[in-house]
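> coords please:
(chains A and B)
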Amino acid sequence: MTHAAVSSHQKKLTDSPLSEFWAGARDTFPLIVGAIPFGLIFGALALNSGLSFGATMAMSAFVFAGSAQFIAVGLVAAGSGWPIIVLTTFVVNLRHALYSATLAPHITRLPQRWQIPLAFWLTDETFVVVVKRYSLSKEAAYTHWYYLGSALFMYTNWQICTLLGLTIGRLIPNAAAWGLDFAMPVTFIGMVIPYLKSRPMVASVVVAGVVSIVAYPLPHQLGLITAALTGITTGIVIELWSER
Amino acid sequence: MNELFLIGGMALVTFGIRYSMFAVAGRVEFPARLINALRYVPPAVLTALIVPAVLIPNGAGVQISYTNPYLVGAFVAFGVGWFSRNLLLTIVMGMLAFWGWQWFLFS
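Model prediction:
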């Protein structure tokens, strides 16, 4: 990248690929703190589920989807066949289609060599961090480096924590009982709070929460996407009402 | 259990979903109303993940009680987050409240 291209760019926030990269990693740090216990317990649970060491590492390396991996390990332990687990993964990860749609307007201007890895590394955490970055300045040239910084930090951390859970988890009896699984909801609570600024947004969240409990008994984790879609619809409807 | 099919299948569907809208968006223009609606995605999805994890921690029935450390931890995290607006503090205080309450209940 030439100096001219850099200097013509916005002076605010960050203005080079490297500074965007580090900003992305830095803004992801609090979410890493929440992801560490989550990764450790995943490794420990996988060990007890009957999944092999190699398959557990491969799942973190190639699937890279925390909540789906948790559910998959639970299903493996319960003796479910792989087609059911793949189907459940599909349903649990359907929310990423919504993330993908949200980010698409910013991503599709990039070449495929960027689009493919950025899609692979799309997680709840990186999504929320990156959406905030895009809302700050839409025109910035190097926001994909910001995305990459966040994604690589999350990815590296997830691999290390899976490995630690697999190795140290063996030494700690009943690691699951420590309640490290609370790390995921507590992190997500911190991520939701900044959104609660308008009445439609609050209504959307309340309805999503209520439906997630009512629809919880639905098979194959369908309650999650049902609750999300109901909440989103509620927000839109209330927004349209209040405009009149 | 065929681990190769399991991991391969999970990897394919997950990547397929994550990449899906990137692939479509290059060809189709998203209507403004849809883009507006997508603002509701992050909080609604995250809440749909949070609430069952907190209220049905063991997958066995809704537990709305002070004896549920997940619920107590979630309240503390929400309170700290609401007033401090500090994500790291929210996570740390929520975890500490959760562990503290669990210790208080079971010791």
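> Residue B:24 and residue A:104 touch, don't they?
Yes - taking contacts as CB atoms under 8 Å, residue B:24 lies within contact range of residue A:104: 7.4 Å. All C-beta spots, glycine's among them, are computed from the backbone N, C-alpha and C.
> Compare the two and say which one has the larger neighbour count.
Ranked by neighbour count (other CB atoms under 10 Å in any protein chain shown), residue B:24 and residue A:104 place residue A:104 first, with 22 against 15.
> Where does the more buried one sit, in terms of helix or strand?
Assigned by DSSP states H and E, residue A:104 falls within helix A:95-107.
> quick one: is that helix near chain B?
Yes - counting by CB under 8 Å from any CB of the partner chain, contacts between helix A:95-107 and chain B involve A:95, A:96, A:97, A:98, A:99, A:100, A:101, A:102, A:103, A:104, A:105, A:107.
> what does that helix contact?
Helix A:95-107 has contacts (CB atoms under 8 Å, 6 or more residues apart in numbering or on different chains) with A:65, A:114-115, A:118-119, A:122, A:124, A:127, A:130-131, A:134, A:138, A:143-144, A:224-225, A:228, A:232, B:14, B:17-22, B:24-25, B:30, B:34-35, B:38, B:41-42, B:45.
> The residue lying farthest from the centre of chain B in helix, strand or coil?
Distance from the centre of chain B peaks at residue B:27, with 31.6 Å (CA atoms, centre = their mean). Assigned by DSSP: H, G, I helix; E, B strand; the rest coil, the conformation of residue B:27 is coil.
> From residue B:21, how far out is it?
Residue B:27 sits 11 Å away from residue B:21, going by CB to CB, to the nearest Å.
> Check residue A:192 too.
Distance, residue A:192 to residue B:21, using CB to CB: 22 Å.
> Let me see the confidence value for the closest residue to residue A:222 other than its chain neighbours.
With CB to CB, 6 or more residues apart in numbering or on different chains as the measure, residue A:91 is the residue that lies nearest to residue A:222, at 5.8 Å, once sequence neighbours are left out. In the predicted model, residue A:91 carries a pLDDT score of 84.
> Identify the farthest-apart pair in the residues of helix A:95-107 next to chain B.
Based on CB to CB, the longest span within the residues of helix A:95-107 next to chain B runs between A:95 and A:105 and measures 18.4 Å.
> For chain B, give me the ranges with low pLDDT.
Within chain B, the set of residues satisfying pLDDT under 70 comprises B:1.
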